[in-house]
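Q: My questions concern the predicted model and sequence given below.
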Amino acid sequence: MGLLLGAIATAACSGAVALAFPRSGRAGDRWAAGLLVAAAAVGSAAAIAVLAGAGAELVLPGVVPGVDLRLHADALSAMFLLQTFVVGAAGAIYGLEYWPSSQRPESARQLQLSYGAVVASLALLFLAGDALLFLVGWEVAALGAWLALTADDREPAVRQAGRLYLYCTKAATLVLMALFSIWWIRTGSTALSPLHHAPTLVLVLAVVGFGFKAGVMPLHIWLPGAHGNAPSHVSALMSGVLIKAGVYGLVRVLGLCVDAPEAWGELVFALGASSAVLGVVFAIGQHDLKRLLAYHSVENIGIILMGLGMALAARASGSPTLVILGLAAALLHTWNHGLFKALLFLAGGAVVHGTGTRQLDALGGLARRMPATALAFLVGAVAICGLPPLNGFVSELLLYRGFLGAMSERGPVWMLGAVGGPALALTGALALLCFAKVYGVAFLGAPRSEAAAAAHPVGRAMRAPMAVLALLCIGIGVAPIGVAPVLDAALSAWSAPSGGADLAPLGTVFPLGTLSGVALALVLLLALGALLLAWRTRSAPQATGPTWGCGYVRPQPSMQYTASSFAASVLGLFAWATFPVQTRPAVGTGPFPPPTHLHGHVRDPALDLAVTPAAQGLALVLTWLHRVQPRTLQVSLFYLLLAIVFAFALR
């Protein structure tokens, strides 16, 4: 526990140390990043020790009157801790080149301070053994993320995204305070201890409070704007770790409700399935690269909740094998999403850094100009689509196996398998379409703008974190047997409070060893094919000439497929959910009509059709109330007298 607390303290102070150095130099940046990397190394070592069986607990009596603060490290919290430190360190190194003080002196120090605070507070949250410490970590992480998100607050879009995020996270905090108040009333303590006969209100509050942070649809309204407008390494931290605080809260709290009915799991599963399918549908309709990646966070949180929902329902129905498969898939996909989504955001940030734009239709041909970034993005895209031999395939295969097992059960659990399998297959197919669109439009073909034609590769400080994350994605995909002991320990930690029998090892219900052998063989086969292709390409005579232009004499970049044309057919099928809007300009007449443009976008029903109109209506009401607000004491007393008379009249 001492190493973990030291790592948290060092990460929290990493940005403050940079204040001692001039903003124009690089020394402050290097000290801040170096301290955070050192904290991550120590914290990762301590988390690995906990995963190996060295659990720890610390009680701090008397710090708060009447409350014993508890820090508790078990395998479940260690999984989230390890992810926090790995992604946090990668982002800190990346920021040395992406957001240096010499180029952004007005915001770099704020970003370094808030970035270290987010990493430290998330680690504290995952260690919290009582509600009070949990809320402290939750609030500090929320405020730190807001400061990091709004570091470049000169842009109106950034300020608007920051305000919406702050409103949502404050609403989540209020809901969690109500949740933990019920916990304290029922158990007589603020400790996160098992809760028997939990009322349904506990589930509702947990889903709303933690769902806001996780970005569960329709509570995701803050997520696209925040991820899209934050600095890219902050987006990686928010998507890779911050939203996992909501997942951790759901896993921990619902796991402590030891006799939760089967319907609880079914509700969590339904929210997950809808988030997975609709999240990827909205991603397909995006033209902004980072907003597109943000909606894929909604999709993958949905996949995680599908596994968690199946585990909860299976625990209530007495199906331990489905508990193992569902929860193992959820926890492993939490890890996998943290890795490949951080990789994709860092690669997307490299695209923004090299071109100056996030708009897909202004990119193109970047594979030639930014080959390392193109390769890193390709690895992340293959992983997020759930294709072998990368890590996303392993966790989704576990979930598929759980759905097949559920269909052999009786009762409502059967429906989870019958619905979950097709929903996950549809999600995977749409994700493949989406990233075929992204990679084809952004990295292949010809440059669509001067910015893309002038793109430059990024330096080592940005390439190195992407390489590490890509290797981790490949490592888990090729050797999933290596994560089996970690998942077994986390499953035991989750099931221990319920007092049930120990869950069987994951390897006894799913052949991870065989999967590792098949994945390794596939990698070797792909490597052999790549070598053979390279040899034939070099040995064969190369002829140069124009590419067939489909009958056009002079092919132009504007003749390529656009992001809209890739997505048009799918968005038409889901028009009932996306409410697409298309602006059809008038086409000029005459032999030489002027250029014109076709523009289309999708509307998020939760934000654009519900929250925004409601907020505008509330603003009108408040404006009217402000106008009739009394300006003198006599008028205020008269209003008070009318209120008293009205109250007596109602009696």
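A: Perfect, I can see it now. Numbering: from 1, shown residues only.
Q: For the protein, name the helix or strand with the lowest mean pLDDT.
A: Ranked by mean pLDDT, DSSP states H and E, the weakest helix or strand in the chain is strand 599-601, scoring a mean of 69.
Q: Which SSE is immediately downstream of that strand?
A: helix 605-606 (DSSP states H and E).
Q: residues in contact with that following helix?
A: Residues from elsewhere that reach helix 605-606, judged by CB atoms under 8 Å, 6 or more residues apart in numbering: 217-221, 577, 579. Backbone N, C-alpha and C define where each C-beta goes, glycine included.
Q: Got a ChimeraX select line for the buried ones in those?
A: Those of those that count as buried under 16 or more other CB atoms under 10 Å are selected in ChimeraX with:
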select :217,218,219,220,221,577
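Q: Pull the most distant pair out of the contacts of helix 605-606.
A: The two members of those with the most space between them (CB to CB) are Leu219 and Phe579, at 18.8 Å.
Q: where do the strands sit along this protein?
A: 56-64, 67-73, 581-583, 599-601 (DSSP state E).
Q: residues of the first one that come out buried?
A: What it means is strand 56-64. For strand 56-64, by 16+ other CB under 10 Å, it's Ala56.
Q: repeat for stretch 193-200
A: 194-195, 198.
Q: Quick one: end-to-end length of that stretch, please.
A: This stretch, stretch 193-200, spans 18 Å end to end (CA to CA, to the nearest Å).
Q: okay, now Gln103: neighbour count?
A: Neighbours of Gln103 under the rule other CB atoms under 10 Å: 10.
Q: how near is the residue most central in space within the chain to Gly228?
A: Taking CA atoms, centre = their mean, the centroid of the chain lies closest to Ser239, which sits 2.9 Å from it. To Gly228, Ser239 is 11 Å away according to CB to CB, to the nearest Å.
Q: Touching both of those two, which residues are there?
A: Ala294.
Q: Could I get the pLDDT score of the closest residue to Val352 other than its chain neighbours?
A: In this structure, Val352 finds its nearest non-sequential neighbour in Arg358, 5.5 Å apart by CB to CB, 6 or more residues apart in numbering. pLDDT, Arg358: 90.
Q: and what of Ala540?
A: For Ala540, the predicted pLDDT is 68.
Q: quick revisit: the residue nearest to Val352: how many residues sit nearby?
A: 20.
Q: how close does the closest residue to Ala294 other than its chain neighbours get to Arg401?
A: Using CB to CB, 6+ apart and skipping the chain neighbours, the partner closest in space to Ala294 is His227 (3.5 Å). According to CB to CB, His227 stands 31 Å off from Arg401.
Q: higher neighbour count, the two?
A: Legend: neighbour count by other CB under 10 Å for His227 and Arg401, higher for His227 (31 against 19).
Q: how many other residues sit next to the nearest residue to Val382 once chain neighbours are set aside?
A: Take Val382 and drop its neighbours on the chain: the residue closest to it by CB to CB, 6+ apart is Leu390, 5.3 Å away. Number of residues near Leu390 (other CB under 10 Å) recorded here: 27.
Q: Leu390 contacts Ile474, correct?
A: Yes: judged on CB atoms under 8 Å, Leu390 makes contact with Ile474 at a distance of 6.2 Å.
Q: and for the two, which residues touch both?
A: Counting by CB under 8 Å, 6+ apart, the residues touching both Leu390 and Ile474 are Val379.
Q: follow-up on the earlier one: right, and the strands of the chain - which one's nearest His353?
A: strand 599-601 (25.2 Å).
Q: Which residues are in contact with His72?
A: Going by CB under 8 Å, 6+ apart, the list of residues near His72 reads 56-58, 127-129, 192.
Q: Apply 6 Å and report the result again.
A: 57, 129 (CB atoms under 6 Å, 6 or more residues apart in numbering).
Q: That one bridge partners, please.
A: With DSSP bridges applied, the residues forming beta bridges to His72 are Glu57.
Q: any idea how far it is from Ala429?
A: To Ala429, His72 is 41 Å away according to CB to CB.
Q: ok, the nearest residue to Leu250 once chain neighbours are set aside - how many residues close by?
A: Of all residues not flanking Leu250 in the chain, Phe210 sits nearest, at 4.7 Å (CB to CB, 6+ apart). The number of residues packed near Phe210 is 27, by other CB under 10 Å.
Q: now the helices: where do they sit in the stretch 351-500 of the chain?
A: Along the stretch 351-500 of the chain, counting by DSSP state H, counting those that start in this stretch, helices occupy 366-369, 371-384, 391-406, 413-442, 450-453, 460-478, 484-495.
Q: Out of those, the one nearest Ala260 is which?
A: Among the helices of the stretch 351-500 of the chain, helix 484-495 sits nearest to Ala260 (CB to CB), with 12.9 Å.
Q: Now do that closest one: which elements does it pack against?
A: Judged by 3 or more CB pairs under 6 Å, 6 or more residues apart in numbering; DSSP states H and E, helix 484-495 is in contact with helix 75-98, helix 320-355.
Q: What residues sit buried inside the longest one?
A: Burial within helix 320-355, assessed by neighbour count using 16+ other CB under 10 Å, is assigned to 320-351, 353-355.
Q: Run through who's touching stretch 148-162.
A: Under CB under 6 Å, 6+ apart, the answer for stretch 148-162 is 107, 110-111, 114-115, 146, 225-226, 229-230, 234.
Q: any chance of those residues in CSV, plus distance to Gly88, neighbour count and pLDDT?
A: Shown next, in CSV, are the contacts of stretch 148-162 (distance: CB to CB, whole Å; neighbours: other CB atoms under 10 Å; pLDDT from 0 to 100):
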residue, distance to Gly88, neighbour count, pLDDT
Ser107, 19, 18, 87
Gln110, 17, 17, 90
Leu111, 13, 25, 92
Ser114, 12, 21, 93
Tyr115, 8, 30, 95
Trp146, 17, 20, 94
Gly225, 23, 22, 91
Ala226, 18, 29, 92
Asn229, 20, 26, 91
Ala230, 15, 30, 92
Val234, 11, 29, 94
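Q: Val63: which of those residues is nearest?
A: Of the contacts of stretch 148-162, the one sitting nearest to Val63 (CB to CB) turns out to be Ser114, at 25.2 Å.
Q: I'd guessed that closest one sits against Leu143; true?
A: No: counting by CB atoms under 6 Å, Ser114 stays clear of Leu143, with 8.1 Å between them.
Q: Distance check, the closest residue in space to Val86 that isn't next to it in sequence against Arg70.
A: Residue nearest to Val86 in three dimensions, not counting chain neighbours: Ser44, with 6.5 Å by CB to CB, 6+ apart. The gap separating Ser44 from Arg70 is 23 Å, by CB to CB.
Q: returning to that earlier point: and the residue nearest to the centre of the chain, what does it touch?
A: 227, 297, 341.
Q: swap the cut-off to 8 Å and go again
A: 227, 293-294, 297, 341-342, 345.
Q: May I ask which two of these are separated the most?
A: Across the contacts of Ser239 (CB to CB), the longest gap, 13.1 Å, separates Ala294 and Ala342.
Q: burial count for Leu609?
A: Neighbours of Leu609 (other CB under 10 Å): 12.
Q: Now that it has come up, it's in contact with Arg603, right?
A: Yes: between Leu609 and Arg603 there is a contact under CB under 8 Å: 6.3 Å.
Q: returning to that earlier point: looking at the strands of the chain, spot the one closest to Leu424.
A: strand 599-601 (27.5 Å).
Q: I am finished for the moment; much appreciated.
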